[in-house]
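*Asks:* got a predicted structure here, sequence first:
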Amino acid sequence: MRRVAAVALLLVALPACTGERPPPAPHTPEASVTVPPEPAETTPPERGGLRFKEIARLEQPVAFAVRKGDERLYIAEQTGRLRTSDGDTVIDLSREVSGGNEQGLLGVAFHPSGRWVYLDWTDAQGDTHVTEWAFDGTKATGRRDVLTQDQPYANHNGGQLAFGPDGQLYIALGDGSAGDPHGNGQSLKTWLGKILRIDPRGGRPYKVPEDNPFVGQEGAKPEIWAYGLRNPWRFSFDRDTGDLWIGDVGQNAWEEVDHQPAGSLGGANYGWNAREGKSRYRGPKERGMADPAIVYPLNEGGNCSVIAGHVYRGRKIPWLQGRFLYGDFCAGWIKAARADRPADATEIGKVEQLSSFGEGHDGELYALSLRGPLYRIEPS
């Protein structure tokens, strides 16, 4: 994370430097053959209070996942261990990971079948690995690297892993370092500054989906799904609509959240490093660059690094339904924005050193603090 590094050194270690349609109104039956009544008006659920209930304490938790058929929560600790919410250690890379502010164990995802687990981590030389283990619920075996990426610098490593609604694995990689000194964000010749899309079980070491946007384009890496990203620390898919929400950590002026509607064919250019947020950085806005859905200023109220969350699809908090949650690592606030009006957000709580969010099988949401707590977000 750029200027955040100084803050991080004082606090602990810093995680990576560091919108959906409303439901149709219900229709009542016609009152007569010739005169239909006006549609019945609906009243949105009244907003209530929230609490952030600590349910576990870990060592620098930064990522969260759930596994099919398994009620446990899985949390990645930046220091190198994959642990469960009840304290068990599943995988321990603590002697292999690098220890920089934006390095270590950074991401976790389970294959939709639950039979394999994937970790995103940086090794002792600072290079990125996406590694697979077979997992039977008790023991992780058969370790193999699916993908590796040399990192030119110690920061901007991205780290998010998630399987999309299409069953493919999406992987976030940052641009390399502050200001994108090598222009990686706008280059299709490198994975840096991108979100990749692969099928990790379709071949060895993986298969590139034939419908990826740059397959067959000369000079372009076929794994690329989206580009023009600075440091996409966290992203998520809306479990109801399939929309993709990407939190991209800013440079000097703006933090941003990007939105990709479900059904996208991929290939979106989110502008970095020509633009930062909606503003010029090192170049003009070119045709086809996608505008961010959410922007907010850096260095205002302690803001430093956006943390993207999830669209709430649980049942316990009706007024939060269909709202996208996101926050800021340094300022600690968490906001909720209607997915169809993402620029209109309301603060709903605070978590000190917010590092990530998580989503349970039931659609209920969790928040992680780099200081150790894992919180479940509940109605108060």
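*Replies:* Sure thing, it's come through.

*Asks:* correct me, but residue 200 touches residue 146?
*Replies:* Yes. Contact status for residue 200 versus residue 146: in contact at 4.9 Å, counting by Cβ atoms under 8 Å. For glycine as for every other residue, the C-beta is placed from the backbone atoms N, C-alpha and C.

*Asks:* between these two, who's got more neighbours?
*Replies:* Neighbour totals were compared for residue 200 and residue 146, and residue 200 leads with 23 against 19 (other Cβ atoms under 10 Å).

*Asks:* show the model's pLDDT score for the more buried one.
*Replies:* Looking at residue 200, its pLDDT is 98.

*Asks:* could you confirm residue 255 falls within a strand?
*Replies:* Yes. Applying DSSP: H, G, I helix; E, B strand; the rest coil, one finds residue 255 inside a strand.

*Asks:* for the closest residue to it other than its chain neighbours, which residues are in contact?
*Replies:* Among residues not flanking residue 255 along the chain, residue 306 sits closest, at 4.0 Å (Cβ to Cβ, 6 or more residues apart in numbering). For residue 306, the contact set (Cβ atoms under 8 Å, 6 or more residues apart in numbering) comprises 233, 247-250, 255-257, 296, 326-329.

*Asks:* could you rerun that using 10 Å?
*Replies:* By Cβ atoms under 10 Å, 6 or more residues apart in numbering, the contact list for residue 306 reads 18, 231-234, 246-250, 254-257, 294-296, 298, 326-329, 354.

*Asks:* and for residue 373?
*Replies:* Applying Cβ under 10 Å, 6+ apart, the residues near residue 373 are 52, 53, 54, 55, 56, 57, 58, 61, 351, 352, 353, 367.

*Asks:* now restrict those residues to buried residues only.
*Replies:* Applying 16 or more other Cβ atoms under 10 Å to the contacts of residue 373, the neighbour count classes 52, 56, 58, 61, 351, 353, 367 as buried.

*Asks:* the third one and residue 105 touch, don't they?
*Replies:* So that's residue 58. No. If you go by Cβ atoms under 10 Å, residue 58 and residue 105 don't touch, sitting 11.6 Å apart.

*Asks:* re the thing from before, out of the contacts of residue 373, which is nearest to residue 72?
*Replies:* Within the contacts of residue 373, distances to residue 72 taken as Cβ to Cβ reach their minimum at residue 56, with 10.6 Å.

*Asks:* residue contacts, the closest one?
*Replies:* By Cβ under 10 Å, 6+ apart, the contact set of residue 56 is 73, 75, 83-87, 366, 368, 372-376.

*Asks:* quick one: the strands in the stretch 1-150 of the chain?
*Replies:* Secondary structure of the stretch 1-150 of the chain (DSSP state E, counting those that start in this stretch): strands at 50-57, 61-67, 70-77, 81-84, 89-92, 105-110, 116-122, 128-135, 140-149.
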